[in-house]
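Engineer: kindly return the folded structure for what I paste below:
(2 chains)
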2 protein chains.
Amino acid sequence: MLERGFLFEEFRTRITRLQAAMADAGETALLLTSQVDIFYTTGFLTRFWESPARPWFVIVPAQGDPIAVIPSIGADLMSKTWLTDIRTWDAPFPGDDGVSLLSQTLAGIVPETGTIGLPMGLETHLRMPLADYHQLTKNLAPRRFVDATNTVQRTREIKSESEVAKIRAACAVADRTFARIQDFAAEGRTHAEVFRDFQRTLLEEGADWVSYTAGGAGPGGYGDVISPATDQRLTAGDILMLDTGAVRDGYFCDFDRNYAITHADDAAKRAYEQLFHATDHVLDTLKPGHTASDVHAMFVDSLTKQGATPGGGRLGHGLGITLTEWPSFTPHDHTELRAGMVLTLEPGVEIAPGLFQVHEENIVLRDTGPELLSSRAPASLPILR
Amino acid sequence: MLERGFLFEEFRTRITRLQAAMADAGETALLLTSQVDIFYTTGFLTRFWESPARPWFVIVPAQGDPIAVIPSIGADLMSKTWLTDIRTWDAPFPGDDGVSLLSQTLAGIVPETGTIGLPMGLETHLRMPLADYHQLTKNLAPRRFVDATNTVQRTREIKSESEVAKIRAACAVADRTFARIQDFAAEGRTHAEVFRDFQRTLLEEGADWVSYTAGGAGPGGYGDVISPATDQRLTAGDILMLDTGAVRDGYFCDFDRNYAITHADDAAKRAYEQLFHATDHVLDTLKPGHTASDVHAMFVDSLTKQGATPGGGRLGHGLGITLTEWPSFTPHDHTELRAGMVLTLEPGVEIAPGLFQVHEENIVLRDTGPELLSSRAPASLPILR
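Structural biologist: Modelled structure (predicted):
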């Protein structure tokens, strides 16, 4: 196992698995445009995606190695990956920002009767200008573009042991950071100070960067968990929740922890224990073959039996090279859960209208059931004095 | 001027300007899907966009206030913005992830003869599943979808004084961080340690989060500037470059600084002075009415006259609510530069094949010429001893 990156063999295995899925779906080539799909197939890791200026493309042919069609500014870094066929243009180039080069490349490997798979479904985006995509489809006609969401998602959702190790390392960063909560969260500190120091501590504990932090704090619970921090101060009786997607070597953790400031009311303590117990129930019950909607039902059953009101949207999701991956633990998602999937268990309770508590752990699903990647939260609500 | 956020009046002005541009382009409504376009029109600021699970929509009608069509998880935060018409669905919902609600909403304000503008051009992406977009165009036929890149970009690229103040505040965060370079960069430290502490210091100095850091270091210069940091150690004679897009209140800075580790060779010192001088030349020369390609030519002329080889891709770009915005200082981009644009000046020199130095400042263009938003770099290469 490498401390950083992967052996080239890992990528060969991924491509072999993708190509098998492509063959099943009748896709002659796969066109990938997103940061994560390109990272997954090549190992190309950079924060440069933060700039929307340039499109990037990787083509997975039916046989053989992927081809990168990328802005020349990325050639040096891409040449350090396992890819050898790297074609570049001088982006950004108004009028033809890689479209001709991409069209020629695809035309060279996909016969006119062939199909080009592109993720078009739930949780995917096309990361190239829409007008350029329209031009591409014209250039390549009569070749057809088809939805390859299943090809990509069914392959990516099963993690290798090397990937699991990366996610475990990201979780360990957050574990060590939460263990230092007393360093940065206390009565009287502002939410903004706490959020800032939370990020600083994540970096100190080994995050390469901190792509996501969220949280909430308020008397007995919190309402909204996606707002930026304000200058409001933590007050006795507040429940503070901190949630993070810290990144190490390109892989995310995504879990939260709850704390009471100086003391907690009974409702908050009870909600914590209900969430803890519901999570234990899923940890004990979940097996490969269950569906995403089954997990939702397990949480709802356990919480309802305990007299709690389930709340907070979906109750967990996939995790890996993005903060959230499919499937979603909702009543509507019937994706089968398989060994090797990395998932978050994220039940919420609505303590009173608009007042929530949310609990989260990260697991990898094994043949025998869940294996925790985050260290299990304490069994009762921790109090910060 | 508010320390955080904007007065509602600011958004009304933005919408009035957008609606004037829409009228000129014959667009009956504007459909916005990206984090930045939605932040620009509403003030909706959250890191939750890191999750690709859910699409978000804002519609700007020909007259009147925008309408948000968003996942219910965002309703609470969106209700704190100036928007009052907020329509939600329970996302993610396989099979109809907001498409019906969005279709109904658009059908209610766009007559069948109308057109719906959507950014489709350079530096834009459609942040919704492509299959859902295809369904949307079918649902709304015979209404036509047209490219509204110009409408959005020509409006957003002229910053208000409140926006300039936000970018100045982000630049000040980086200025204070670079002033503390001796705290975290020195001979013997690894690149990874320096990058990590650079981010920590940015947070300490007031960044809300650090969306981008990049850099390079090597003997006499550096090659690639988009790679993640490695465990390589800084060595005497290295030139270290650190570049950041730190975010404060939703607005970015984007500039770099160069340092020599213990000493510098003459070629590195000369390159630094050539870049500094070329930047001074543009600071003295640039006026509204010049084009983006003119700025490229100014840099190339100045560097060439000094005997340097210009290098490093585009030589600057727009800046604001993304790390990089249009236009690009390349020979191919003939966008007219106007007062109120915030820009980076980013000349590069190729010292030897594959060995670069890049210099960067942030400015706002005034009627009289550039006003610096970053504190001007030192006139000669700083040495870290």
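
Engineer: tell me what the closest residue to A:F178 other than its chain neighbours is bridged to.
Structural biologist: Counting by Cβ to Cβ, 6 or more residues apart in numbering or on different chains, A:F178 lies nearest to A:R257, which is 4.8 Å off, once chain neighbours are set aside. For every residue, glycine as well, the C-beta is placed using N, CA and C. Beta-bridge pairing of A:R257 under DSSP bridges involves A:L242.

Engineer: list the contacts of A:R257.
Structural biologist: A:F178, A:I181, A:M241, A:L242, A:A377, A:P382 (Cβ atoms under 8 Å, 6 or more residues apart in numbering or on different chains).

Engineer: buried set for the top helix by length along chain A?
Structural biologist: Scanning chain A for the longest helix, with DSSP state H as the assignment, gives helix A:266-285. Of the residues in helix A:266-285, A:267-272, A:274-279, A:281-283 count as buried by neighbour count, 16 or more other Cβ atoms under 10 Å in any protein chain shown.

Engineer: can you tell me which of the contacts of A:R257 is nearest B:Q135?
Structural biologist: The nearest member of the contacts of A:R257 to B:Q135, counting by Cβ to Cβ, is A:M241 at 36.5 Å.

Engineer: can you read off the pLDDT for the nearest residue to A:H359 once chain neighbours are set aside?
Structural biologist: Nearest non-adjacent residue to A:H359, counting by Cβ to Cβ, 6+ apart: A:L275, 3.7 Å away. Here, the pLDDT recorded for A:L275 equals 98.

Engineer: same thing with the one 4 residues further on?
Structural biologist: Model confidence at A:T279, given as pLDDT, is 98.

Engineer: that one touches A:H359, doesn't it?
Structural biologist: Yes. Counting by Cβ atoms under 8 Å, A:H359 is a contact partner of A:T279 at 6.0 Å.

Engineer: mutual contacts of the two, please.
Structural biologist: Common contacts of A:T279 and A:H359 (Cβ under 8 Å, 6+ apart): A:P347.

Engineer: what is the burial count for A:P310?
Structural biologist: A:P310 has 19 neighbours, counted by other Cβ atoms under 10 Å in any protein chain shown.

Engineer: okay, and the beta partners of it?
Structural biologist: Beta-bridge partners, per DSSP bridges, of A:P310: A:V349.

Engineer: mind listing what it touches?
Structural biologist: A:F299, A:V300, A:L303, A:T304, A:P347, A:G348, A:V349, A:E350.

Engineer: assess the claim that the fifth one and A:H359 are in contact.
Structural biologist: Yes. With the criterion set as Cβ under 8 Å, A:P347 and A:H359 qualify as a contacting pair; they are 5.8 Å apart.

Engineer: need the overlap of contacts for the two.
Structural biologist: With Cβ under 8 Å, 6+ apart, A:P347 and A:H359 have common neighbours A:L275, A:A278, A:T279.

Engineer: next up, the contacts around the first one.
Structural biologist: Contacts were defined as Cβ under 8 Å, 6+ apart; by that measure A:L275 touches A:L303, A:A308, A:P347, A:G348, A:V349, A:Q357, A:V358, A:H359.

Engineer: sorry, back to before: now the contacts of A:P310: which count as buried?
Structural biologist: A:F299, A:V300, A:L303, A:P347, A:G348, A:V349, A:E350.

Engineer: including pLDDT, could those go into TSV?
Structural biologist: TSV is the format used below for the buried ones among the contacts of A:P310 (pLDDT from 0 to 100):
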residue	pLDDT
A:F299	98
A:V300	98
A:L303	98
A:P347	98
A:G348	97
A:V349	97
A:E350	97
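
Engineer: helices of chain A, start to end?
Structural biologist: A:8-25, A:35-42, A:75-78, A:99-109, A:130-140, A:149-156, A:161-178, A:181-184, A:191-204, A:266-285, A:292-305.

Engineer: near A:I321, how many other residues are there?
Structural biologist: Neighbour tally, A:I321, other Cβ under 10 Å: 20.

Engineer: chain neighbours aside, what residue packs nearest to it?
Structural biologist: Counting by Cβ to Cβ, 6+ apart, the residue nearest A:I321 is A:V36, at 4.8 Å.

Engineer: and the stretch 1-150 of chain A, which residues reach chain B?
Structural biologist: Residues of the stretch 1-150 of chain A found near chain B (Cβ under 8 Å from any Cβ of the partner chain) are A:4, A:45-48, A:50-53, A:72-74, A:76-77, A:80, A:90, A:92-95, A:97, A:118, A:120-131, A:133-134, A:147, A:149.

Engineer: right, and A:A377 touches A:H359 too?
Structural biologist: Yes. Assessed by Cβ under 8 Å, A:A377 is found in contact with A:H359 at 6.7 Å.

Engineer: what's the overlap in contacts for these two?
Structural biologist: Common neighbours of A:A377 and A:H359 (Cβ under 8 Å, 6+ apart) are A:N258, A:F276.

Engineer: out of these two, which sits in the more crowded spot?
Structural biologist: A:H359 (24 against 20).

Engineer: so that one touches A:E346, yeah?
Structural biologist: Yes. At 7.2 Å, A:H359 counts as touching A:E346 under the criterion of Cβ under 8 Å.

Engineer: name the residues contacting each of those two.
Structural biologist: A:D256.

Engineer: okay, now the unreliable bits of chain A?
Structural biologist: For chain A, the stretches with pLDDT under 70 are A:1.

Engineer: can you give me the domain boundaries for it?
Structural biologist: In terms of domains, chain A is parsed into A:8-156, A:161-384 (source: automatic domain parsing).

Engineer: to B:T330, which of those lies closest?
Structural biologist: domain A:8-156 (7.1 Å).

Engineer: A:I73 touches A:A91, doesn't it?
Structural biologist: Yes. A:I73 is in contact with A:A91 according to Cβ under 8 Å; the separation is 7.3 Å.

Engineer: got any residues that touch both of these two?
Structural biologist: A:R54.

Engineer: how near is the closest residue to A:A264 other than its chain neighbours to A:F299?
Structural biologist: Spatially, and ignoring its direct neighbours in sequence, A:A264 is nearest to A:L381 (5.4 Å; Cβ to Cβ, 6+ apart). Applying Cβ to Cβ, to the nearest Å, the value for A:L381 to A:F299 is 19 Å.

Engineer: ok, A:I67 next?
Structural biologist: Plainly put, A:I67 is 44 Å away from A:F299 if you go by Cβ to Cβ.

Engineer: what does A:T46 give?
Structural biologist: For A:T46, the distance to A:F299 - Cβ to Cβ - is 37 Å.
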